[in-house]
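> Give me a 3D structure for the following:
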Amino acid sequence: MAFLRNDAINRVNLHSGVQALAQGAGSIFFFVLLLKAGVSVPHALLAQAAIVTLRFALRPLVLPLAIRFGLKPLLIAGTLMLALRFPLLAEVRGIDAALIALLAVTALAELTYWLAYNTYFAMLGDDEHRGHQVAAREAFIAVLSIASPLLGTWALLTLGPRWAFAGIAVVQALAALPLLGLPNMSVVAQAPGALRAAKLAFALLVVDGWFDACYFFVWEIGLFLSLGESIAAYGGAMALAGLVGASFGLWVGRHVDGGGGRRTVLIAYSVAVAIVILRAGSLPTPWLAVIAHALGAVLMPLLLPPLGAAAYTLAKASPCPFRFHMVTEGGWDIGCAGACVTAAALVSLGAPLSVPILLALPAVAAGFTLLWRYFGSLSSPLAGSG
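This is a model prediction of the structure:
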């Protein structure tokens, strides 16, 4: 298991696991708490669009900080700032000052965190083990995703939102501890050609942002409403999905690294089509929606290793991985914001949530085409014969 010999990546993956515990106990209830607070479905989707739009607008401001201080301080600061959003979420009572503060803090925290995190993972990872290392991270997260929704549900129903999210904020802050032993990574002051190097990954992330908005955000709202707005049922469905997702992962990474990039892409996106259609059709039937959600957990362990292997490998080979991720994450924000606004408009016009869920299908087709071409263009064993 040579891919486990990279101590820095192991530390980052341990951090990812602790963070996943906080996210699984708290962030999965973002739309739930907004809807419980009286925010309408279209406005909840527009709130998510506002977060990523603000991230997009503020992103250039982070570059001077990265050049001055390096990646490690940014990653730690982003991790701690993410903890601040949980207490704010507990205070939302509709479209009010607490909601505006929540959107602003979340945008700034996510911007700082994900830029540093993705750049770190790209720079510290090993190209020959990229699929394994992404898959190991996702497998670890999937295991923790079994318990974290149950803990979050118990805390919300027993302690109430304020105490529950205060505890989750502490867990999120503890995710910074594994990062303390990491080396700091510098960002060069000038990097000609860095933006051009991100062209393919930018397209991939625009598509991925659109897909994620439909597959995750719209679906989470639809699932909660399908389950009668029951927090207990919703948390149970999330835990069941974690149990299913934990059964997959490392095999996929090994398949990518061992020459099965195209085969993995074909399998992943075929599964994506089936699950998107199942999710869209399941909403009127709660038990079927729970099954669709559980089966949906299979997709990320299938999809993220080839997508991550492509994006992280391209980033490491670019003149500046940090600027590379500035471009690609900007692409994700564009795709996500566009899908959220489109979904909000459709729902406002009376369309059922199944319609914006189905809008994930064009993104599936585009993502498959881009990754199929990428793995087919490689001369290394990563490409495979497909």
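> Ile277 reaches Leu358, doesn't it?
Yes. Here Ile277 reaches Leu358: they are 7.4 Å apart, a contact under Cβ atoms under 8 Å. Any C-beta I mention is one placed from the backbone N, CA and C, and that applies to glycine too.
> which residues of the chain score low on pLDDT?
For the chain, the stretches with pLDDT under 70 are 1-7, 125-140, 245-261, 379-386.
> ok, now with 80
1-10, 13, 120-146, 194, 242-261, 301, 304-305, 308-309, 312, 377-386 (pLDDT under 80).
> Do a quick rundown of the strands in it.
Read by DSSP state E, the chain holds no strands at all.
> For the nearest residue to Ala22 once chain neighbours are set aside, give its distance to Pro178.
Nearest residue to Ala22, sequence neighbours excluded (Cβ to Cβ, 6 or more residues apart in numbering): Gln172, at 3.8 Å. For Gln172, the distance to Pro178 equals 13 Å [Cβ to Cβ, to the nearest Å].
> With Ala203 instead?
Counting by Cβ to Cβ - Ala203 and Pro178 are separated by 33 Å.
> Now do stretch 242-262: distance from first to last residue.
Taking Cα to Cα, to the nearest Å as the measure, stretch 242-262 stretches 26 Å from start to finish.
> re earlier: more neighbours: Gln172 and Pro178, which one.
Ranked by neighbour count (other Cβ atoms under 10 Å), Gln172 and Pro178 place Gln172 first, with 27 against 19.
> got the contact list for the more buried one?
Gln19, Ala22, Gln23, Gly26, Thr79, Leu82, Ala83, Phe86 (Cβ atoms under 8 Å, 6 or more residues apart in numbering).
> Now rank these by neighbours and give me the top one.
Busiest of the contacts of Gln172 [other Cβ under 10 Å] is Gly26, holding 30 neighbours.
> count of neighbours near the nearest residue to that one once chain neighbours are set aside?
Setting aside the residues directly before and after it, Gly26 is nearest to Ile168 in space (Cβ to Cβ, 6+ apart), at 4.0 Å. Neighbour count of Ile168, defined by other Cβ under 10 Å: 29.
> How about Ala49?
Per other Cβ under 10 Å, the neighbour tally for Ala49 reads 23.
> Tell me if I'm right that it and Ile334 touch.
No. Ala49 sits out of contact with Ile334 when judged by Cβ under 8 Å, with a separation of 10.7 Å.
> can you give me the helices in the stretch 251-386 of the chain?
Secondary structure of the stretch 251-386 of the chain (DSSP state H, counting those that start in this stretch): helices at 261-282, 286-296, 299-317, 321-348, 354-358, 360-377.
> who are the neighbours in contact with Ser348?
Pro42.
> How much space separates it from Leu54?
22 Å.
> Then Ala268?
31 Å.
> quick one, which of the two is more surrounded?
Ala268 (24 against 19).
> Does the more buried one touch Leu303 like I think?
Yes. Under the criterion of Cβ under 8 Å, Ala268 makes contact with Leu303 at 4.3 Å.
> Pull the number of nearby residues for Ala104.
16.
> Please point out which parts of stretch 22-39 sit buried.
By neighbour count on 16 or more other Cβ atoms under 10 Å, the buried set for stretch 22-39 is 22-35, 37, 39.
> same question, stretch 265-278
Buried, per 16+ other Cβ under 10 Å, within stretch 265-278: Val265, Leu266, Ile267, Ala268, Tyr269, Val271, Ala272, Ile275, Val276, Ile277, Leu278.
> out of those, who's nearest Leu74?
Using Cβ to Cβ, Ala268 comes nearest to Leu74 of those, at 31.0 Å.
> Could you pull up the residues touching that closest one?
Taking Cβ under 8 Å, 6+ apart as the test, what Ala268 contacts is Leu299, Leu302, Leu303, Pro306.
> Just among those, which is most surrounded?
Pro306 (33 neighbours).
> Now tabulate the helices of the stretch 251-386 of the chain in CSV and tack on distance to Gly193.
Listed next are the helices of the stretch 251-386 of the chain as CSV, based on distance: least, Cβ to Cβ, whole Å:
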stretch, distance to Gly193
helix 261-282, 25
helix 286-296, 39
helix 299-317, 11
helix 321-348, 10
helix 354-358, 38
helix 360-377, 19
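> show me what contacts the closest residue in space to Ala173 that isn't next to it in sequence?
Once flanking residues are discounted, Ala173 sits nearest to Ala83: 4.5 Å by Cβ to Cβ, 6+ apart. If a contact means Cβ under 8 Å, 6+ apart, then Ala83 has Ala22, Ala169, Val170, Gln172, Ala173 as its contacts.
> And for Leu359?
By Cβ under 8 Å, 6+ apart, the neighbours of Leu359 are Trp210, Cys214, Ala339, Thr342, Ala343.
> Do I have it right that Gly296 meets Ile275?
Yes. Using Cβ under 8 Å, Gly296 is in contact with Ile275, at 5.0 Å.
> And stretch 156-166, end to end?
Note: stretch 156-166 ends 11 Å apart using Cα to Cα.
> Any buried residues in it, and which?
For stretch 156-166, by 16+ other Cβ under 10 Å, it's Leu156, Pro161, Ala164, Phe165.
> Could you dump the contacts of Ala268 into JSON lines and include distance to Val143?
Formatted as JSON lines, those follow (distance: Cβ to Cβ, whole Å):
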{"residue": "Leu299", "distance to Val143": "17"}
{"residue": "Leu302", "distance to Val143": "17"}
{"residue": "Leu303", "distance to Val143": "18"}
{"residue": "Pro306", "distance to Val143": "21"}
